[in-house]
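A.B. asks: Let me see the structure of the following:
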Amino acid sequence: MRIVILLFLLVLVQASDKILLSDVKSLVFNRDVMTVGRRLDPIPQLNCVKGSNLFKPDIVTCENIGVNAAGMVQWRCETKINKKYKLGKITVSCEGYESSSDLYVLQGSCGMKYELLTKSSEDSSSRAPLGLVFFVAVCFVAAFITGQLTDEVE
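C.D. replies: Residues are numbered from 1 along each chain as shown. Coordinates of the predicted model:
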């Protein structure tokens, strides 16, 4: 009888760490914290795969925003980040419970790979054309007014 109860409890405990990924509403990833692993070795929850290692976010939160046509969960991720940087490509992955293609995942196994990009002159140059347009407009108006005044004097 004890063996049956122990087996039941073992099955119950194992089932509680299994969750359908599409049912997960949000995830929180922490710097210097490892994922949980059952079939695979644990990995860091946050892993910068490209970009500056000078800044690392402490916490990143991701919200499940739905499933795409291929059945993949789509995530919107946010973090407090130094103004010099921006998040690039983000990949959230979790350990499939029975296999890598399992829709059920091991709770606590999700990790996030991200690119940390430095904001460059490219980012600020998007404002430059507006400034250039304003400068040209002012010059045009000034030239027009000056031309008008000159014509009126003659």
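
A.B. asks: Going by C-alpha atoms from here, please, whenever you check contacts or count neighbours.
C.D. replies: Fine.

A.B. asks: Can you give the domain ranges for the chain?
C.D. replies: 18-119, 121-154 (automatic domain parsing).

A.B. asks: Quick one: low-confidence residue ranges for this protein.
C.D. replies: Where the chain drops to pLDDT under 70, the residues are 1-15, 121-154.

A.B. asks: how many neighbours does residue 46 have?
C.D. replies: Residues near residue 46, counting by other C-alpha atoms under 10 Å, number 25.

A.B. asks: Over to residue 23?
C.D. replies: For residue 23, the neighbour count with other C-alpha under 10 Å is 11.

A.B. asks: Could you shift the numbering so residue one becomes 133, and keep it that way?
C.D. replies: Noted, 133 is the first residue going forward, which turns the last one into residue 155.

A.B. asks: picking that back up, looking at the domains of the chain, which one is packed in the most?
C.D. replies: domain 150-251 (a mean of 16; mean count of other C-alpha atoms under 10 Å).

A.B. asks: quick one: terminal-to-terminal distance for that domain?
C.D. replies: Start-to-end span of domain 150-251 (C-alpha to C-alpha, to the nearest Å) is 40 Å.

A.B. asks: I'd like the distance from residue 235 to residue 174, if you could.
C.D. replies: 19 Å.

A.B. asks: would you say residue 219 is within a strand?
C.D. replies: Yes: per DSSP: H, G, I helix; E, B strand; the rest coil, residue 219 lies within a strand segment.

A.B. asks: isn't it right next to residue 247, touching?
C.D. replies: Yes: contact between residue 219 and residue 247 holds when scored by C-alpha atoms under 8 Å: they sit 5.9 Å apart.

A.B. asks: measure residue 148 to residue 251 for me?
C.D. replies: Going from residue 148 to residue 251 by C-alpha to C-alpha gives 43 Å.

A.B. asks: Same check on residue 168?
C.D. replies: 33 Å.

A.B. asks: which stretches of the protein form strands?
C.D. replies: Using DSSP state E, the strands of the chain run over 150-152, 158-162, 178-183, 191-199, 205-210, 217-225, 236-238, 243-250.

A.B. asks: Note down every partner strand of the third one and its orientation.
C.D. replies: Here strand 178-183 has these sheet partners by DSSP bridges: strand 243-250 (parallel).
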